[in-house]
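# Turn this into a structure:
(one chain, ligands or ions: 1)
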Amino acid sequence: MSIKVPEHIAIIMDGNGRWAKERNLPRSAGHYQGTDNVRNIAIKANEMGVKVLTLYAFSTENWKRPIEEVNYLMGLPAIFINKFLKELMEKGIKIESIGDLSAFPDSTRKVLLEAMEKTKNNNNMTLVFAMNYGGRKDIVDGINRYLEDYTSGKVTEKMTEEMFNGYLSTAKYPEIDLMIRTSLDYRLSNFLLWQLSYAELYFTATHWPDFTPEEFEKAVTDFASRSRRFGGLNEN
Ligand code: FPP
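From the prediction side, this is the model:
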């Protein structure tokens, strides 16, 4: 039996630190293991027919962490790409990003931009890294872009919800159907605030490095069993 697979899934990959602590390992070991798991879940999501997978890799709040950890987190995209780009190419996965990359070290930005260029014609799943991303900033940036268009006369209409979608960093992606957060914190942590309005939410106690493709499939199956009413009485 085939199930209704979400087109766009977003994930808050939480619990790398706790995973490491439970094993008496440094926090970086949790992030490293978490990076490997990005590969496992991306491959699985692509196999299942998900079109867009957006992962919260670095938030605008993560700057508050000790500098050594910030530096380590900033290097993860390069570690990921060097290790897995070949496989992503074989699977037809495209890499993109949202958020402000300008604060990242040149070396990381270069590897990331090259990977985006290399994968740009892949047309199975798009893997979007939210990096130096904040949901409030996304909204405020969108308002400012609209203001520029309005004052220059490029746009004359008042803002509508549909128009506003087009001013966000996620403009070209489909609506998010399902948001998963690992490691049992029940919050959005400034992730895609506008975009998650009608998403189904799935929380699990599993720490991100232990979140297996099987559990991902379980979350998708759980999503498929839900009745999405979008404020109405039923979906149709
Ligand atoms: C939250 O765990 C996780 C992060 C802040 C970083 C997430 C990044 C990855 C999983 C790897 C990203 C990979 C790529 C390819 C960009 P935490 O440190 O807050 O865990 P804790 O709450 O248990 O301390």
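# part of a helix, is F58?
No: with DSSP: H, G, I helix; E, B strand; the rest coil as the criterion, F58 is located in strand rather than a helix.
# The ligand versus that one, what's the distance?
F58 sits 6 Å away from the ligand, taking CB to the nearest ligand atom, to the nearest Å as the criterion. Heads up, the C-betas are built off the backbone N, CA and C, glycines and all.
# Isn't that residue up against Y133?
Yes: in this structure, F58 is within contact of Y133 by CB atoms under 8 Å, at 7.2 Å.
# who's more crowded, those two?
Y133 (25 against 22; other CB atoms under 10 Å).
# who's the more buried one bridged to?
Assessed by DSSP bridges, Y133 has beta-bridge partners S59.
# what number of residues lie near the residue of the chain found nearest the ligand?
Nearest residue of the chain to the ligand, counting by CB to the nearest ligand atom: G17, 2.4 Å away. Residues near G17, counting by other CB under 10 Å, number 20.
# what sits in contact with each of F58 and Y133?
Common contact partners of F58 and Y133 (CB atoms under 8 Å, 6 or more residues apart in numbering): G99.
# just checking, next helix/strand downstream of the helix or strand harbouring the residue of the chain closest to the ligand?
If you go by DSSP states H and E, G17 is part of helix 16-22. Downstream of helix 16-22, the first helix or strand assigned by DSSP H and E is helix 27-48.
# ok, back up a step: packing partners of the helix holding G17?
Contacts defined by 3 or more CB pairs under 8 Å, 6 or more residues apart in numbering; DSSP states H and E place helix 16-22 against helix 27-48.
# Next up, the contacts around S28.
A20, E69, Y72.
# mind listing the strands for this structure?
Using DSSP state E, the strands found in the chain span residues 8-12, 52-59, 94-98, 126-133, 178-181, 200-203.
# Format these as a markdown table; extra columns: mean pLDDT.
Putting these into a markdown table (pLDDT from 0 to 100) gives the following:
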| stretch | mean pLDDT |
| --- | --- |
| strand 8-12 | 98 |
| strand 52-59 | 96 |
| strand 94-98 | 98 |
| strand 126-133 | 97 |
| strand 178-181 | 98 |
| strand 200-203 | 96 |
